[in-house]
Structure formats: structure tokens, C-alpha cells
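kindly return the folded structure for what I paste below:
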Amino acid sequence: MIYGELGASHTRRTVTGMARLLKALRLDGMLLSGLAAVSLFGLFVLFSAAGDNTALWFSQLARIGIGFALMVVLAQVPDHFLRMFAPAAYAAGLVLLAAVAVAGDIGKGAQRWLDLGVIRFQPAEILKLAVPMICAWYLHQRPLPPALRDVVVVLLVIVVPVGLIAEQPDLGTALLVAAAGIIVLVLAGLPWTWVFGGAAVFGAAVPVIWHFLHDYQRQRVLTLLDPESDALGAGYHIIQSQIAIGSGGVFGKGWMNGSQAQLEFLPERSTDFIFAVIGEELGLLGLVALLAGYLFIVGRGVYMSLQCRDAYARLLAGSIALTFFVYACVNAGMVMGLLPVVGVPLPLVSYGGTSFVTLMAGFGILMSLHSSRKLVG
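Here you go, the predicted structure:
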């Protein structure tokens, strides 16, 4: 009985000490737990998807460490500094996008990267945070819901970087940057009649947009409608991913036992199409577990955003949480053949350094905004 009481007392002290440490570091324990769980799940799946390329797995492990370290650092930044820094971050992002257009590295037919010798990164990733930051900065100084003039200004702020990113071409990232900014507008109280009206205008403009798409982008849309029309070409990715997910059934074929992934029928299995690897090897249960983890992270993020102390913090925090949800939906949709293939990685799971670090930076900002709130009572 005495030993039991001593053990319980030790556990309570440990939990209390951990809570104090998280509070001192301005970290949210529940959100941190969700991020860590999904990241570990991603490493588990990536080990199988990478096959014999163990260097890729260790590289991702190092990038996860960098991402979490950056999250902790950004969580310490006062929210008023983030607000003041928003215009500079946006301007720096535009300058880097211009530098990419002039002297960026070309890979796989796209000019998206800057090589600084020490690191090679995609400046477009910075705009995933800089755009909602500048949108929230502009709107928080004005009456909400926003007037038509303010909506037009914000849309122009969004369109400029989106156009530069789409020109690289990187339509997937361009759409995600646009979504991050538009979510800020919606959270600011944009009337739903305006939202549906904007969707109608976008629908009417599709023929014009189609004219400006690259040939490969048009082919991806056509392939979505009929992947069997070019089964060994443009439709190969979607067909193989659907086969992988369907063959996994409810329980999957077992970790490292997926034929589509292990025999290399599935393209980009460690990056954009890793969702199909999960479906094949871990089945429906594995996919549901991952989606539950995503919903927990998004739900906690939205809850934290509602507790923030001012309009800027609430708009930015809400955009970070909901944009994460958009990332997951777009990747899952394209892998299952519900959306065109646009090259969007599965958040916290796909191999990739810049994308993971950007996501963790966003959650570090969210924790900073939340910890700066005014507590009531």
C-alpha cells in the first residue's frame, strides 16, 4: 500500500513538472501530443515506403527534429512581434519569389527552388504563413466583418504571390497559399452570400482559367475524369494508388508487405502518394487512425484560436489550423482520384523538409498566439 502511494505521488510530481515545463515553454501539451503522434506514425510508414533507401528515413528524422525545434523557438515569440513582422515577412516572400523567377533552380520541369549553397529551399513555402499573417494584420485594424473595399485589398494581396507561384509552375502550392488567405477572410466574417457569389464567379471563369493552364495541368484535369484513357501515362499514378488502397481492405496487407509499394508499382510512394501506402499496408483502420489524428490536431487548433485575445491572433491562428485541414483533404482527395494530382504532400507524413518545417513553424506561431491570450477569472 505504501509503495503504491509512493508511486502515485511520483507520477503526480512528474505530470506536474511536465505541465510546468510546457507552460514555461509556451507549448500546448494536447496539440504537441497530436503533432508528435502523427509525426511518429509518418516515420513508421515512411520506413516501409522508403524501401532500401534508409538514408531518406534518417534525413526525414533529422528534418522532424529541426521542425519541432523551430516550433519551440517560434512559440516563445510574443504575439505583438509577430503582428509587427507580418508586412516584412510578406515583402521578403515576394522578393524571394522574384529571385526564383530570375535565378531559381530548375527541377522536374519547374523553377521553384533557391540554392544558397548551404540549403536549397522553396520560397513559396514561406508564403503559406506570410499570406495569412499579412491578411490578418490588415483586417485586424479595421471593422469586422470587412467592407467591400477591404475585401478587394486582401484579394489583391493574395493574388500577387499566388500568381508568381503558379507561374513557376506550382499550382498545388499556389492553391494552398490562396486557401490560407481566403480562410482569413471567411473567419473575419465575410458574408456567405459573398462566398457563394465568389464561387459562382470562379466557376464562370473556368473557361478563361483553362486557357492559361499549362498542357500538363490540363491533362491532369482530363485524367481525373477518365484515368483509363491513358492508363500507362497520365492516368498511371491515380490507377496504381486506387489499386493500392482498394487491395488493402479493412486491415491491410501488413507493414512492409504492400505489393504496389514494395514492388515499386506505386509512383512517388514516399512523398505525394504515401497515403496509398498506408491504405495498402495498414488498411482502412490505418487511414481512419491517421484521419482521426488530423481531426484532433485541427480541432485543438481551432479551439485554441477561439481563446486568442484579439482579432489578429484569432484570424491567424484559425487560418493556420484550418489550412492544415485543407492540406490533408487535398492530398487524400488526389490520391483517391477525387481531385486532380497537384503535387501536395501529406502533412507530417510525406517525405520532405521544407513542407514539414513550414507546418511546424505554423503551429509554433499558433502556440505563441494562444499563450499570449488574456486569461479570464
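
dump the strand or helix carrying Val38 to CSV, keeping only the CA atoms.
Assigned by DSSP states H and E, Val38 belongs to helix 29-49. Only the C-alpha atoms of helix 29-49 are listed here, as CSV (Å, rounded to 0.1, in the frame of the first residue of the first chain):
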residue,chain,number,x,y,z
GLY,A,29,0.5,19.8,-24.4
MET,A,30,-2.5,18.4,-26.2
LEU,A,31,-1.5,19.9,-29.6
LEU,A,32,2.1,18.9,-29.1
SER,A,33,1.0,15.3,-28.4
GLY,A,34,-1.1,15.2,-31.5
LEU,A,35,1.7,16.5,-33.7
ALA,A,36,4.2,14.1,-32.2
ALA,A,37,1.9,11.1,-32.6
VAL,A,38,1.2,11.8,-36.3
SER,A,39,4.9,12.5,-37.0
LEU,A,40,5.9,9.2,-35.4
PHE,A,41,3.1,7.5,-37.4
GLY,A,42,4.6,9.1,-40.5
LEU,A,43,8.1,7.8,-39.7
PHE,A,44,6.7,4.4,-39.2
VAL,A,45,5.0,4.4,-42.6
LEU,A,46,7.9,6.1,-44.3
PHE,A,47,10.3,3.4,-43.2
SER,A,48,8.3,1.0,-45.3
ALA,A,49,7.7,3.4,-48.2
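
I'd like the average pLDDT over it.
Within the predicted structure, the mean pLDDT of helix 29-49 is 95.

next up, phi/psi of the closest residue to Leu359 other than its chain neighbours, please.
Spatially, and ignoring its direct neighbours in sequence, Leu359 is nearest to Pro347 (5.7 Å; Cβ to Cβ, 6 or more residues apart in numbering). Just so you know, the C-beta spots here come from the backbone N, C-alpha and C atoms, and that holds for glycine as well. The phi/psi pair for Pro347 (degrees, to the nearest 10) reads phi -60, psi 130.

residue ranges with poor pLDDT in the stretch 201-350 of the chain?
Residue ranges of the stretch 201-350 of the chain with pLDDT under 70: none are present.

helices or strands next to the host helix or strand of Leu97 in the packing?
Element membership of Leu97 [criterion: DSSP H and E] is helix 79-103. Other helices and strands packing on helix 79-103, by 3 or more Cβ pairs under 8 Å, 6 or more residues apart in numbering; DSSP states H and E, are strand 110-115, helix 124-140, helix 148-166, helix 311-335, helix 353-371.

now do the helix ranked longest in the chain and helix 353-371, the angle between them.
Longest helix in the chain by number of residues (criterion: DSSP state H): helix 274-306. For helix 274-306 against helix 353-371, the angle by axes from the mean of the first three to the mean of the last three Cα atoms, to 10 degrees is 20 degrees.

and helix 274-306, which residues are buried?
Burial within helix 274-306, assessed by neighbour count using 16 or more other Cβ atoms under 10 Å, is assigned to 274-283, 286-287, 290, 293-294, 296-298, 300-302, 304-305.

with stretch 88-99 instead?
By 16+ other Cβ under 10 Å, the buried positions in stretch 88-99 come out as Ala89, Tyr90, Gly93, Leu94, Leu96, Leu97.

count of neighbours near the closest residue to Ile239 other than its chain neighbours?
Excluding its sequence neighbours, the residue lying closest to Ile239 (Cβ to Cβ, 6+ apart) is Pro227, at 5.4 Å. Neighbours of Pro227 under the rule other Cβ atoms under 10 Å: 21.

just the pLDDT for Ser9.
64.

same check on Val118?
Turning to Val118, the model gives it a pLDDT of 68.

ok, back up a step: gap between the longest helix of the chain and the chain center?
Offset of helix 274-306 from its chain centre (Cα atoms, centre = their mean, to the nearest Å): 13 Å.

what about the spatially closest residue to Pro191 that is not a sequence neighbour, neighbour count?
Excluding its sequence neighbours, the residue lying closest to Pro191 (Cβ to Cβ, 6+ apart) is Pro145, at 6.7 Å. Number of residues near Pro145 (other Cβ under 10 Å) recorded here: 14.

ok, the one 10 residues further on next?
Neighbours of Leu155 under the rule other Cβ under 10 Å: 16.
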